[in-house]
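Enquirer: just a sequence and a predicted model for now, questions to come.
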Amino acid sequence: MNTSLFDQAMAINKFEGGIVLVSHDERLIELCADELWHVERRQGEKPGSLTIFDGSFEEYREMLHKRFESQNLLNTSMARKK
């Protein structure tokens, strides 16, 4: 693991206050996140939404994969091999 990433994660975890972490780095999320927030954007007149995901990061990833798969949003070359 990248030492600077690990150091960053440890510094975040030592902080006593609240942090909203927005990251595409799955390793950082897995090291730091106590709670996952799923944000949906507004669609037309329907307002956006925020849901607290009840599960692990791996479960969240699987939920998104199934959702994208059901909407045919996955490129076959990117789809996971089972």
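Expert: On my side now, so go ahead.

Enquirer: max-length helix in this structure?
Expert: Across the chain, the longest stretch assigned as helix under DSSP state H is helix 57-70.

Enquirer: from the contact counts, what lies against that one?
Expert: helix 26-32, strand 36-40, strand 49-53 (3 or more C-beta pairs under 8 Å, 6 or more residues apart in numbering; DSSP states H and E). Backbone N, C-alpha and C define where each C-beta goes, glycine included.

Enquirer: and those as CSV, adding mean pLDDT and mean neighbour count?
Expert: Output for the helices and strands packed on helix 57-70, formatted as CSV (pLDDT from 0 to 100; neighbours: other C-beta atoms under 10 Å):
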stretch, mean pLDDT, mean neighbour count
helix 26-32, 93, 15
strand 36-40, 93, 12
strand 49-53, 96, 10
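
Enquirer: how about the ones you listed, which one is nearest residue 71?
Expert: Closest to residue 71 of the helices and strands packed on helix 57-70, according to C-beta to C-beta: strand 36-40, at 13.4 Å.

Enquirer: just the angle for the closest one relative to helix 57-70, thanks.
Expert: Between strand 36-40 and helix 57-70, the angle comes out at 20 degrees (axes from the mean of the first three to the mean of the last three C-alpha atoms, to 10 degrees).
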